[in-house]
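*Asks:* Fold the following for me, if possible:
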Amino acid sequence: MVETTPIEQAIIKAMEEIGATKDSSIKTADDIMKRANRPKGLVTNALVSLTQKGVIKRVAREKAAGYYIINKS
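*Replies:* So this is what the prediction gives:
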């Protein structure tokens, strides 16, 4: 089980609510930020941390990177 901070938990919850749970339904940081109702910098830092912990996956795309959950903690 991965240790997550309260903001990371809020980001995971927001990602679940908007359906970013598989590689066919990736969402941008902006999508996640709007749903989580948190500042973009905070969301971006949490996404980086969650990626490093192996909870979510970042997919580089032409315009904006996308994210989805790969390992619920």
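
*Asks:* Pull the number of nearby residues for Thr51.
*Replies:* Number of residues near Thr51 (other C-beta atoms under 10 Å) recorded here: 15. Where C-beta positions appear, they are placed from N, C-alpha and C, glycine not excepted.

*Asks:* Point out where the protein drops to low pLDDT.
*Replies:* Within the chain, the stretches with pLDDT under 70 are 1, 72-73.

*Asks:* That one: helices as residue ranges?
*Replies:* 6-17, 29-36, 40-52 (DSSP state H).

*Asks:* Just send those back as JSON lines, with distance to Tyr67 too.
*Replies:* Shown next, in JSON lines, are the helices of the chain (distance: least, C-beta to C-beta, whole Å):
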{"stretch": "helix 6-17", "distance to Tyr67": "7"}
{"stretch": "helix 29-36", "distance to Tyr67": "7"}
{"stretch": "helix 40-52", "distance to Tyr67": "6"}
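
*Asks:* which residues touch the residue nearest the centre of the chain?
*Replies:* Central residue of the chain (C-alpha atoms, centre = their mean): Leu47, 5.0 Å from the mean position. By C-beta atoms under 8 Å, 6 or more residues apart in numbering, Leu47 lies in contact with Ile11, Ala29, Ile32, Ile56, Arg58, Tyr67.

*Asks:* Which two of the residues you listed have the greatest separation?
*Replies:* By the measure C-beta to C-beta, Ile11 and Arg58 form the most distant pair in the contacts of Leu47, at 12.8 Å.

*Asks:* Comparing the two, which residue is more hemmed in?
*Replies:* Neighbour count, other C-beta under 10 Å: between Ile11 and Arg58, Ile11 has more, with 31 against 16.

*Asks:* Verify the contact between that one and Ala36 for me.
*Replies:* Yes - at 5.7 Å, Ile11 counts as touching Ala36 under the criterion of C-beta atoms under 8 Å.
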